[in-house]
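Trainee: Pasting the sequence and the predicted model now:
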Amino acid sequence: MKAAPFDYIRPSSLEAAVAALAEDGLTTAAIAGGQSLLPLLALRVAMVDLVVDISRLDELKEVTVTPEALRVGALTTHAAFEDGQVPDVSNGLMRRVASGISYRAIRHYGTIGGSVALADPAADWPGCLIALGARVRISNRSGERSEPMTDFIKGQYSTSLAVGDIVLGVEVPRMPTPRWGFAKAARKSGAFADSIAVAVARDQRVAVVLAAATTRPCLMAEVSARVMAGTEHALRDAIAADLAAQAPDADAYQKRLHTATLLRAVRELRGQ
């Protein structure tokens, strides 16, 4: 199947890109690496009037570190994290996550901004960024705003982005060397995940997030509260309670799978 006809432009500035995305009467989409959007267009799952190519906007490629946070431009590729080209404020977690995304060819073109904006429930970045307490930076004609990742992602392929909004990048808070655990289960190498678990300990707080289980990444509150002090039995009880609350439709196999990834992530965190 081929994509339905659409117009294509490549703006030379962020302001021009925002204006094009907000054009009245048109369904528009921004494209950067295109690793998600192009297949959706080809399958006619997504149909747009205008594709706005933002891949050459230097404003979206900047990576800076402040005393408070790492600010990563939306066009930063997964490969840039994997290759250590992005300053590491996560003690290796972001590099680990990036290295497991699909295949190297995809990681070379796919971007963190595209992953965040698509909000695929099985994507690697959203759950990781929620666990790290990250925020999303967004621009439109009215100016710039910042939202916690937990508020930005609304559901399956659903975010707070409105017409004319464009993701500028993400902001990851700096913290004393965080400890973390990460586990991912997929049917084959490079395939979309069936379960992703991320556990991050920062300061005195622990965040455990489960992704690829429901329509959006879920903060596992009971598990987070028992990571450091709970016994294995108490941890399994907490996982069961969180799964009942967050993924009530999961079948027996899915419950076992999510339990396994959560336990692996927590054990890795405890072992650091």
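Mentor: Cool, the structure landed.
Trainee: what's in contact with the helix or strand where Val52 lies?
Mentor: Val52 is part of strand 50-53 when elements are defined by DSSP states H and E. Contacts with strand 50-53, where a contact means C-beta atoms under 8 Å, 6 or more residues apart in numbering, come from 6-11, 17, 20-21, 23, 26-32, 37, 41. Bear in mind the C-beta positions are built from the backbone N, C-alpha and C, glycine included.
Trainee: chain center to the helix ranked longest in the chain, what's the gap?
Mentor: Across the chain, the longest stretch assigned as helix under DSSP state H is helix 252-271. Mean-position distance between helix 252-271 and its chain equals 20 Å (C-alpha atoms, centre = their mean, to the nearest Å).
Trainee: Buried residues, it. List them.
Mentor: Buried positions in helix 252-271, judged by neighbour count with 16 or more other C-beta atoms under 10 Å: 254-255, 257-259, 261-266, 268-269.
Trainee: swap in stretch 152-164?
Mentor: Phe152, Ile153, Tyr157, Thr159, Leu161, Gly164.
Trainee: Ok, stretch 175-183 next?
Mentor: Met175, Pro178, Arg179, Trp180, Gly181, Phe182, Ala183.
Trainee: And stretch 80-92, by the same measure?
Mentor: Buried residues in stretch 80-92, counted by 16+ other C-beta under 10 Å: Ala80, Phe81, Glu82, Val86, Val89, Ser90, Asn91.
Trainee: quick one: Ile106 and Thr77 touch, right?
Mentor: No. Ile106 lies out of contact with Thr77 (C-beta atoms under 8 Å); the separation is 9.6 Å.
Trainee: what's the helix or strand bottoming out on mean pLDDT in the chain packed up against?
Mentor: In the chain, no helix or strand scores lower on mean pLDDT, DSSP states H and E than helix 37-42, which sits at a mean of 89. For helix 37-42, the packing partners by 3 or more C-beta pairs under 8 Å, 6 or more residues apart in numbering; DSSP states H and E come out as strand 28-31.
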